[in-house]
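**Q** Please find the sequence and the predicted model below.
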Amino acid sequence: PISGGGTERQVTLLQDFGARILCATPSYALNIAEVAESMGVDLRNSPVQLGLFGAEPWSEAMRQDIQRRLGIRAVDTYGLSEIMGPGVATECDVAQNGLHGWEDHFLFEIIDPKTLQPLPIGETGELVITTLTKEALPMIRYRTRDITYLNNEPCRCGRTHVRVMRVTGRDDDMLIIRGVNVYPSQVEAVLVGFAGLSPHYQIVLTRDGALDAMAVEIEQTPEAQTAGVDPVQKAKEVRHHIKSLIGVTCNVVVKAPGEVPRSQGKAVRVRDLRPKGSPS
């Protein structure tokens, strides 16, 4: 374990040690891929075969991008420091469809975050976890704030433990922009894989009079910049897609490659520039 930062060194160590598994946040995995490419290193030809990624919501489009750029199978892992850290639930590399929860150690429930009433299997709400075997600091019906749903159908890999489906966001991360509920992961799903754009982005919140306003800052790929793709026209396309798929009107700024800050750990997806004390 070498933590985040010193990304060039991380790329070198991946090669020197012949590592077969990479465990990181998904945004930092993309950072590693980008730095490796700038170093002339093709990690698709390295021994790395599997990636365990978690600690932040990430979309299926980002998974596909990571797999393509690193040449690995990328699986989701889930954990909370209050429960036990990483490993509360993990996807298999067979189906990559939901995280197998270790039901011999944890009881998983979904509740309505407003009424706190339990929801049936398959309905989306807030994940609640009770520890069954933890002795020093047991947690009873701990509210994770993570939005997801449960699936109790047997997985293609043969495991029968309940699956925690991909977390789409946190109840306390939800943004309300001019009456529209928006999760950062929804914006990511629109942006990642968009032709000519890199997967690095930030959402910027400001106050426009009495209403909140949202801007999305995204980068061109080096290839798009070299090809002379008009960033203003690309911004219009992205804005239209966000409006069509999420229902919120926002400003979009397409920046040059490298201008959006990179993650050394958990990605900072939202910059809140609203005046202090303004309602969220």
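**A** Alright, I've got the coordinates. Numbers count the residues shown, from 1 in each chain.
**Q** so where's the stretch 1-150 of the chain shaky on pLDDT?
**A** For the stretch 1-150 of the chain, not a single residue meets the criterion pLDDT under 70.
**Q** in it, which spans are helices?
**A** 7-17, 26-38, 60-70 (DSSP state H, counting those that start in this stretch).
**Q** which other residues reach stretch 265-280?
**A** 3-4, 25, 27-28, 55-56, 173, 175-176, 184, 188, 201-207, 212, 261 (Cβ atoms under 8 Å, 6 or more residues apart in numbering). Where you see a C-beta, it was placed from the backbone N, CA and C, and this is true even at glycine.
**Q** repeat that for 6 Å
**A** With contact meaning Cβ atoms under 6 Å, 6 or more residues apart in numbering, stretch 265-280 is reached by Gly4, Thr25, Ser27, Ala55, Glu56, Pro184, Gln202, Ile203, Val204, Leu205, Thr206, Arg207.
**Q** surely the fourth one meets Thr25?
**A** I take that to be Ala55. Yes. Ala55 is within contact range of Thr25, at 4.9 Å (criterion: Cβ atoms under 6 Å).
**Q** shouldn't Tyr28 be in contact with Ser263?
**A** Yes. Using Cβ under 6 Å, Tyr28 is in contact with Ser263, at 5.1 Å.
**Q** Of those two, which one has the most company?
**A** Tyr28 (23 against 20; other Cβ atoms under 10 Å).
**Q** For that one, give its distance to Val232.
**A** Separation of Tyr28 from Val232 (Cβ to Cβ, to the nearest Å): 30 Å.
**Q** First-to-last residue distance for stretch 133-149?
**A** 23 Å (Cα to Cα, to the nearest Å).
**Q** Next, the buried residues of it.
**A** Met139, Tyr142, Thr144, Arg145, Asp146, Ile147, Thr148, Tyr149 (16 or more other Cβ atoms under 10 Å).
**Q** Show me the beta-bridge partners of the fifth one.
**A** Beta-bridge partners for Asp146, by DSSP bridges, are Arg170.
**Q** Name the nearest residue to Gln67, sequence neighbours excluded.
**A** Leaving aside its sequence neighbours, Gln67 sits nearest to Ala74 (Cβ to Cβ, 6 or more residues apart in numbering; 5.1 Å).
**Q** Contacts only, for that neighbour.
**A** By Cβ under 6 Å, 6+ apart, the neighbours of Ala74 are Gly51, Phe53, Arg63, Ile66, Gln67.
**Q** Of the residues you listed, keep whichever come out buried.
**A** Using 16+ other Cβ under 10 Å as the threshold, Gly51, Phe53, Arg63, Ile66 are the buried ones among those.
**Q** which of those residues lies closest to Thr168?
**A** Closest to Thr168 out of those is Arg63 (13.8 Å), distances taken as Cβ to Cβ.
**Q** Setting aside sequence-adjacent positions, which residue approaches that closest one most closely?
**A** Excluding its sequence neighbours, the residue lying closest to Arg63 (Cβ to Cβ, 6+ apart) is Ala74, at 5.0 Å.
**Q** Over to Leu191?
**A** Sequence neighbours aside, Tyr201 is the residue nearest to Leu191 in space, at 5.3 Å (criterion: Cβ to Cβ, 6+ apart).
**Q** How many residues are close by Pro1?
**A** 3.
**Q** no no, Leu30
**A** Applying other Cβ under 10 Å, we find 25 residues neighbouring Leu30.
**Q** What would stretch 184-200 look like as PDB? C-alpha coordinates only.
**A** The C-alpha trace of stretch 184-200 is given here as PDB (Å, rounded to 0.1, in the frame of the first residue of the first chain):
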ATOM      1  CA  PRO A 184     -23.400  14.100  -9.400                       C
ATOM      2  CA  SER A 185     -23.400  10.500 -10.600                       C
ATOM      3  CA  GLN A 186     -26.200  11.400 -13.100                       C
ATOM      4  CA  VAL A 187     -24.000  14.100 -14.600                       C
ATOM      5  CA  GLU A 188     -21.100  11.700 -14.700                       C
ATOM      6  CA  ALA A 189     -23.200   9.100 -16.600                       C
ATOM      7  CA  VAL A 190     -23.900  11.800 -19.300                       C
ATOM      8  CA  LEU A 191     -20.200  12.900 -19.500                       C
ATOM      9  CA  VAL A 192     -18.200   9.800 -19.400                       C
ATOM     10  CA  GLY A 193     -17.800   8.300 -22.800                       C
ATOM     11  CA  PHE A 194     -18.900  11.500 -24.600                       C
ATOM     12  CA  ALA A 195     -16.900  11.700 -27.800                       C
ATOM     13  CA  GLY A 196     -14.000  14.200 -27.600                       C
ATOM     14  CA  LEU A 197     -14.300  14.600 -23.800                       C
ATOM     15  CA  SER A 198     -12.100  13.200 -21.000                       C
ATOM     16  CA  PRO A 199     -13.700  11.600 -17.900                       C
ATOM     17  CA  HIS A 200     -12.500  14.500 -15.700                       C
END
